[in-house]
Each structure stands twice: as C-alpha cells, then as structure tokens.
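Q: fold the following.
(one chain, ligands or ions: 1)
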Amino acid sequence: MNSIWRLFIPGKHKPSPRIRPSYVRIEASTVCQLDCPLCPTAKGDVGRLIGQGFLKFSHFKKFIDKNPSIRGIELSNWGELFLNNELLDIIRYAHQKNVQLTAYNGANLNTVSPKILEALVKYKFHSITCSIDGTTQETYQIYRRRGDLNRVISNIKRINEHKKFYRSEFPRLTWQLIAFGHNEHQIEDAERMAADLGMTFQVKLASDDQFSPIKNKELIRIKSGLGACSREEYAQTYKASYLSDRVCSQLWNHPQINYDGKMLGCCNNYWGDYGNVFEEGVATCLNNERIDYAREMLTGKKDPRADIPCAQCFVYHDRLRENAWLDPEQISPEPWAKAGEQERISQPKDKLA
Ligand code: SF4
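A: Sure thing, here's the model as predicted:
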C-alpha cells in the first residue's frame with residue numbers, strides 16, 4: 001500500500017491533490033544534553049525558533065486515536081528523544097496500537113533509563129540510528145562534547161541483552177559515524193565494533209566541510225558509498241544538496257511535526273510552521289494554502305514567497321540556482337516505511353508482547 005493517499009475533491013476549480021500520509025515524524029524532544037559544534041540545537045537556534053520541549057504523552061495518544069491511518073512515527077530529529085520523561089508511555093501505547101516507532105534521524109544514547117532500555121525491546125521499537133563519531137573517548141568527545149562513549153556502548157550492550165532475553169531482533173541498531181578529519185582513522189575500527197555489537201554501520205557527511213576537514217578524501221568517498229567526501233563535493237557531483245530530495249519529499253510522504261504540534265513539513269525546517277496539528281488536525285495542516293504553495297515552490301511551479309519557510313532554506317536556494325526541482329511523480333515512501341508496513345502486519349505472529 002502506498003503511504004500517500006491522494007484524494008481528489010470534485011468542484012468548479014482544478015482538483016487539488018490531498019495529502020494523507022500513513023507515516024509522520026513527531027519530535028519527541030528538541031532538548032539535547034550534548035554540545036555538538038555544528039548542531040543548531042546546541043547553538044540555540046532550534047530552541048529560539050521552534051521552542052525547547054518534549055512531546056507530551058497526552059498529545060501523542062490523542063494523535064494516534066484521532067488518526068487510525070497512521071502506521072509509523074519517527075521520533076527523532078533536533079533533540080535527544082531519550083530525555084523525554086514520558087517516553088515509556090509513548091512506546092507502550094504505540095505498541096498497543098500497532099504503530100511502528102523509529103529513531104532513524106539519530107540518538108546519542110548517553111542518557112537512557114534501564115526501564116527504557118528494556119521497553120525498546122519489549123515493545124518492539126523498530127530502529128535506532130546511534131550517533132557515535134569515534135571509537136575512543138578522546139576522539140568521540142571532540143564532536144560529541146559532554147558525551148561518554150563508555151556509557152553509550154554499555155547502553156547498546158544492555159539493549160542487546162534484552163534482545164537475547166526476548167528473542168527479538170528489535171530495535172535494529174545502526175552505528176552512524178559523521179566523518180571528520182579527526183576520526184577518519186577510526187572508521188575501520190568502528191565498522192568492526194559495530195559488527196561485534198550486531199549493528200549495521202554507515203558513514204554520514206558532516207554538515208560543514210570546514211569543521212575538522214577530511215584528510216583522506218578517497219577513504220570517505222568509498223566509505224560513504226556516495227563517491228563524495230564532503231557535502232560540497234556531493235553538490236558539485238550531483239548538482240543537488242546532500243539528502244535534499246529525501247528531505248523535501250517529507251512535505252508529501254513523511255511530514256515533520258514539532259513536539260508541540262507545529263506542522264514543520266520537513267525535518268530541516270525551523271523557520272516557520274504550517275499550523276498546529278494538535279489544535280487543527282493533521283489533514284488541515286497538510287492541505288492548507290501555504291503548504292500547498294511550498295510544494296509548488298519545490299516543484300518549480302511557483303516563485304519563492306517570504307512567508308514560506310523554504311524561502312529561508314539553503315536547500316531551496318540550491319534548487320533555485322541549479323534549477324533542480326522535485327518531481328512529484330518520483331516521490332515514494334522511503335524503503336524503510338514500506339518494509340515497516342509489512343513487519344507491522346506480521347507483528348501479531350511474533351512471540352513477544
Ligand atoms: S527547501 Fe528546505 S525547508 Fe523546504 S522542504 Fe526542502 S529542506 Fe525543507
């Protein structure tokens with residue numbers, strides 16, 4: 001089943017496609033305990049523009065109850081989801097309602113209570129991307145300032161013990177290493193450690209090529225799997241910003257909602273919102289004039305407009321410069337969403353509660 005349902009409303013005017021995704025992204029926390037040098041959360045930009053706070057269980061429950069077509073929710077984005085004190089209720093309720101939870105955007109895993117470590121397995125939290133940018137404390141803390149690598153590894157080991165006990169493959173864990181000049185020599189060690197911990201491994205390009213620049217460019221071109229060692233090189237090679245199509249597509253297929261209900265559209269946007277889902281409902285926020293206009297900007301049909309958040313985004317400016325527009329016909333659910341749908345359907349056959 002496609003996660004985008006397009007309903008055409010008959011009327012005098014040209015029918016407008018309505019967006020009703022089955023996967024959304026709701027930020028569990030815009031608060032983070034680390035101080036990563038390139039992160040807009042650590043710099044205070046995220047808090048200043050979209051607020052610092054946590055998703056309330058009461059809002060989450062109401063959202064699930066009112067939107068039975070929602071099948072999956074991504075909880076991570078700007079902050080650390082494990083700092084949310086109501087996360088246990090959120091995880092348990094999602095499992096009860098057969099809604100798949102993920103943290104693909106990433107978690108630092110420095111602060112996770114024993115109850116949550118067990119709940120992640122017991123209630124089949126689907127996947128977590130663990131942000132670990134080094135294999136020694138000395139290297140790790142250069143970017144993950146205030147982080148404690150031993151604690152992160154010990155939390156992963158505890159999750160693995162629960163997975164063994166519950167005989168479950170969930171949550172699937174990915175070790176994500178942001179490549180820098182100061183950690184590139186540890187990539188192969190990190191790959192080995194990830195394999196020992198039963199994790200998949202991926203290398204991500206840093207958001208600013210000037211912070212701790214890559215020295216072994218060929219290594220990163222290979223290890224990133226992109227043939228590019230930096231976002232600048234990626235943009236030159238592909239005439240598009242790194243990850244831009246995937247992120248902009250979220251306005252259609254996996255819209256981002258802030259912890260307090262603000263419809264942000266995509267996970268990159270902290271400049272403005274398209275209404276409040278907890279007050280107006282998800283259908284209204286996904287199908288109003290401003291978000292429709294944003295979609296038309298992204299597909300190159302309309303000129304930039306100052307009240308649309310995309311007008312402030314570097315990704316949109318790259319699109320404008322390169323004349324590189326999204327093709328709505330090419331927008332499809334991400335592979336993990338398709339896979340997750342099948343897994344949820346088969347979930348009742350699984351042994352564990
Ligand atoms: S242009 Fe920027 S703000 Fe707009 S959808 Fe794309 S990434 Fe998000």
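Q: going by C-alpha atoms from here, please, whenever you check contacts or count neighbours.
A: Fine.
Q: how deep is the residue lying closest to residue 40 once chain neighbours are set aside tucked in, by neighbour count?
A: Nearest residue to residue 40, sequence neighbours excluded (Cα to Cα, 6 or more residues apart in numbering): residue 46, at 5.9 Å. Burial measure for residue 46: 20 neighbouring residues, criterion other Cα atoms under 10 Å.
Q: ok but residue 46 is inside a helix, no?
A: Yes: counting by DSSP: H, G, I helix; E, B strand; the rest coil, residue 46 is located in a helix.
Q: doesn't residue 30 make contact with it?
A: Yes: using Cα atoms under 8 Å, residue 46 is in contact with residue 30, at 7.4 Å.
Q: what's the overlap in contacts for the two?
A: The overlap between the contact sets of residue 46 and residue 30 (Cα atoms under 8 Å, 6 or more residues apart in numbering) consists of 52, 78.
Q: tell me the residues of this structure that contact the ligand?
A: Taking Cα under 6 Å from any ligand atom as the measure of proximity, the chain contacts the ligand at 247-248, 266, 268-269, 309-310, 313, 315-316.
Q: out of those, list just those in helices.
A: If you go by DSSP state H, the residues of the chain next to the ligand have 247-248, 315-316 in helices.
Q: quick one: buried residues of stretch 53-66?
A: Within stretch 53-66, the residues that count as buried by 16 or more other Cα atoms under 10 Å are 53-57, 59-61, 63-64.
Q: for stretch 24-40, same thing?
A: Residues of stretch 24-40 classed as buried: 24-36, 39 (neighbour count, 16+ other Cα under 10 Å).
Q: over to stretch 220-229?
A: Counting neighbours by 16+ other Cα under 10 Å, stretch 220-229 gives 220-221, 223-224, 226-229 as buried.
Q: contacts for that stretch?
A: Taking Cα under 8 Å, 6+ apart as the rule, stretch 220-229 contacts 179, 184, 202-205, 214, 217-219, 234, 237.
Q: same list (the residues you listed) but as CSV, adding neighbour count and secondary structure.
A: Output for the contacts of stretch 220-229, formatted as CSV (neighbours: other Cα atoms under 10 Å; DSSP: H, G, I helix; E, B strand; the rest coil):
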residue, neighbour count, secondary structure
179, 28, strand
184, 23, helix
202, 20, strand
203, 21, strand
204, 20, strand
205, 22, strand
214, 21, coil
217, 16, helix
218, 12, helix
219, 17, helix
234, 19, helix
237, 13, helix
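Q: can you lay out the residues you listed as TSV showing pLDDT?
A: Putting the contacts of stretch 220-229 into TSV (pLDDT from 0 to 100) gives the following:
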residue	pLDDT
179	98
184	98
202	97
203	97
204	96
205	96
214	97
217	97
218	97
219	97
234	93
237	91
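Q: picking that back up, residues contacting the residue nearest to residue 40?
A: Taking Cα under 8 Å, 6+ apart as the definition of contact, the neighbours of residue 46 are 30, 40, 52, 78, 270.
Q: restricting to C-alpha, output the longest helix along the chain in PDB.
A: Of all the segments assigned as helix in the chain under DSSP H, the longest by residue count is helix 149-166. What follows is helix 149-166 as a C-alpha-only set of coordinates in PDB (Å, rounded to 0.1, in the frame of the first residue of the first chain):
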ATOM      1  CA  LEU A 149      31.400   6.700  24.900                       C
ATOM      2  CA  ASN A 150      31.600   4.000  27.600                       C
ATOM      3  CA  ARG A 151      28.000   4.800  28.700                       C
ATOM      4  CA  VAL A 152      26.800   4.700  25.000                       C
ATOM      5  CA  ILE A 153      28.400   1.300  24.400                       C
ATOM      6  CA  SER A 154      27.100  -0.100  27.700                       C
ATOM      7  CA  ASN A 155      23.600   1.000  26.800                       C
ATOM      8  CA  ILE A 156      23.900  -0.700  23.400                       C
ATOM      9  CA  LYS A 157      25.100  -3.900  25.200                       C
ATOM     10  CA  ARG A 158      22.100  -3.700  27.600                       C
ATOM     11  CA  ILE A 159      19.700  -3.500  24.600                       C
ATOM     12  CA  ASN A 160      21.400  -6.500  23.100                       C
ATOM     13  CA  GLU A 161      21.000  -8.500  26.300                       C
ATOM     14  CA  HIS A 162      17.300  -7.700  26.300                       C
ATOM     15  CA  LYS A 163      17.000  -8.700  22.600                       C
ATOM     16  CA  LYS A 164      18.500 -12.000  23.600                       C
ATOM     17  CA  PHE A 165      16.200 -12.500  26.500                       C
ATOM     18  CA  TYR A 166      13.100 -11.500  24.500                       C
END
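Q: can you name every helix or strand that that helix contacts?
A: Contact analysis of helix 149-166 by 3 or more Cα pairs under 8 Å, 6 or more residues apart in numbering; DSSP states H and E lists helix 114-122, helix 137-143 as its packing neighbours.
Q: pipe those into CSV and attach mean neighbour count and mean pLDDT per row.
A: Listed next are the helices and strands packed on helix 149-166 as CSV, based on neighbours: other Cα atoms under 10 Å; pLDDT from 0 to 100:
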stretch, mean neighbour count, mean pLDDT
helix 114-122, 19, 98
helix 137-143, 17, 98
